[in-house]
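Asker: Fold the following, please.
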Amino acid sequence: MNQSFSRIAVKVGSNVLTRRDGTLDVTRMSALVDQIAELHKAGVEIILISSGAVASGRSEVHPAKKLDSVDQRQLFSAVGQAKLINRYYELFREHGIPVGQVLTMKENFATRRHYLNQKNCMTVMLENGVIPIVNENDTISVSELMFTDNDELSGLIASMMDAQALIILSNIDGIYNGVPSDPASEVIREIEQGKDLSSYIQTSKSDFGRGGMLTKTNIARKVADEGITVVIANGKRDNILVDLIQHAEDTLCTRFVPSADPVSSVKKWIAHSEGFAKGELHINQCATEVLNSDKAVSILPIGITAIEGEFEKDDIVRIVDFKGNPIGVGKANCDSRQALEAMGKHGKRAVVHYDYLYIE
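Answerer: Below you'll find the predicted structure:
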């Protein structure tokens, strides 16, 4: 890792910003702001994806009656989000750096138009020296539409904003080759492409966060495959961010080695939007084999055996092979009615063009 990063995304987990009693750790937050300010002044553009709204609100409100977890999260995050952004605003102001709030939700990534609107908003902020502080809009997100947690959100943001690195700050030093609490376990310093980690990873979740290590590694791998360096490090270590950028070799962390051939921005968006698939295209054996070869091919009606679900032109559709396995996602070139009419016929235009196809 070198110091040539000009744009990075930094994700700060709730377990970094939260004290044992579940309230906000302002001292830690202040230390992170100092580090971000130092990098900002050295010319690095930074997008901050920060958890901590729920922890912020927890000490402010004492509910009259016991609330279920969704109600509680919505209440605490609504109160806490304002307090959290205010804290950031005051802390960054001491460094003379303006910040802006970006609240987003999974659905905002589902259409190309929304996606580009968000990208444009943050680009304008960065061009004007403003640090975007991104969080999920917990007050209106209901659980099935939510990001796994801010890890997934940070992956989408890093990819959307063409960041060169995504730094995920958690409460452990990285991915271990055993149980983290076991003294014999060590941090895996580098993870190459295609390395299977499932044997190492503990599936238990952290106390305050929604995402466990498995989520982090899956997201890290996907983002690294798009040519972005991903680092998982301990946000509670002093000066961790500056050290990661300036003294990378001596700083304990896990680094996911990025792919040498980056993907196009449209393909990045499609790769992250499989959760929004509106329908399915089932393809025959011949089409499956061609897609799995090295050739650049589109999905033509002749290779489609069945179409499920209703979709409009430009919606995301899932591609299912002849054995029934989902193998990728793509952007539909027509609506489901037109696709059905053309299905199985020769000489019709592609239902999913190669440029808008992402095979996993």
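Asker: Where in the protein is the helix or strand with the lowest mean pLDDT?
Answerer: helix 265-271 (a mean of 80; mean pLDDT, DSSP states H and E).
Asker: Any stretches of the stretch 1-150 of the chain with poor pLDDT?
Answerer: The stretch 1-150 of the chain contains residues with pLDDT under 70 at 1-3, 138-149.
Asker: make that the stretch 201-350 of the chain, sorry
Answerer: Low-confidence segments of the stretch 201-350 of the chain, defined by pLDDT under 70: 201-212, 215, 274.
Asker: ranges for the strands of it?
Answerer: 229-234, 254-256, 279-283, 304-308, 316-320, 326-332 (DSSP state E, counting those that start in this stretch).
Asker: Relative to the shortest one, what are the paired strands and their orientations?
Answerer: The one in question is strand 254-256. Sheet pairing of strand 254-256 (DSSP bridges) gives strand 190-191 (parallel), strand 229-234 (antiparallel).
Asker: Of all the strands of the stretch 201-350 of the chain, which one comes closest to Ala342?
Answerer: Nearest to Ala342, of all the strands of the stretch 201-350 of the chain, is strand 304-308, at 8.2 Å by CB to CB. Every residue, glycine included, has its C-beta placed from N, CA and C.
Asker: tell me the angle that closest one makes with strand 316-320.
Answerer: 130 degrees (axes from the mean of the first three to the mean of the last three CA atoms, to 10 degrees).
Asker: what angle do strand 304-308 and strand 279-283 make?
Answerer: Going by the same axes, to 10 degrees, strand 304-308 makes 160 degrees with strand 279-283.
Asker: Alpha carbons only: can I get strand 304-308 in PDB?
Answerer: Output of strand 304-308 as PDB, limited to C-alpha atoms (Å, rounded to 0.1, in the frame of the first residue of the first chain):
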ATOM      1  CA  ILE A 304     -33.600 -17.900 -23.300                       C
ATOM      2  CA  THR A 305     -35.900 -20.800 -22.200                       C
ATOM      3  CA  ALA A 306     -38.000 -19.100 -19.600                       C
ATOM      4  CA  ILE A 307     -38.700 -15.600 -18.200                       C
ATOM      5  CA  GLU A 308     -40.000 -15.100 -14.700                       C
END
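Asker: Please identify the buried residues of it?
Answerer: By 16 or more other CB atoms under 10 Å, the buried positions in strand 304-308 come out as 304, 307.
Asker: helices and strands around it, which ones?
Answerer: On a contact count with 3 or more CB pairs under 8 Å, 6 or more residues apart in numbering; DSSP states H and E, strand 304-308 meets strand 279-283, helix 336-342.
Asker: What is the end-to-end distance of stretch 326-340?
Answerer: 19 Å (CA to CA, to the nearest Å).
Asker: re earlier: who touches the least confident helix or strand of the chain?
Answerer: 109, 112, 115, 159-160, 162, 222, 226, 263, 316, 329-331, 355-358 (CB atoms under 8 Å, 6 or more residues apart in numbering).
Asker: at 7 Å what do you get?
Answerer: The contact list for helix 265-271, computed with CB atoms under 7 Å, 6 or more residues apart in numbering, reads 112, 115, 159, 222, 226, 316, 329-331, 355-356, 358.
Asker: Could you pull up the mean pLDDT of stretch 180-198?
Answerer: The average pLDDT within stretch 180-198 is 82.
Asker: Any idea how far it is from the middle of the chain?
Answerer: Stretch 180-198 sits 21 Å away from the centroid of its parent chain (CA atoms, centre = their mean, to the nearest Å).
Asker: same check, this time on stretch 316-336
Answerer: Counting by CA atoms, centre = their mean, stretch 316-336 is centred 22 Å from the centre of its parent chain.
Asker: One more: stretch 286-297?
Answerer: 29 Å.
Asker: Buried residues in it, which are they?
Answerer: 287-288, 291.
Asker: just to revisit the earlier point, now distance to Tyr89 too, for the strands of the stretch 201-350 of the chain, in TSV please.
Answerer: Formatted as TSV, those follow (distance: least, CB to CB, whole Å):
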stretch	distance to Tyr89
strand 229-234	26
strand 254-256	32
strand 279-283	44
strand 304-308	48
strand 316-320	36
strand 326-332	38
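Asker: out of the ones you listed, which comes closest to Asn120?
Answerer: Closest approach to Asn120 among the strands of the stretch 201-350 of the chain (CB to CB): strand 326-332, 19.5 Å.
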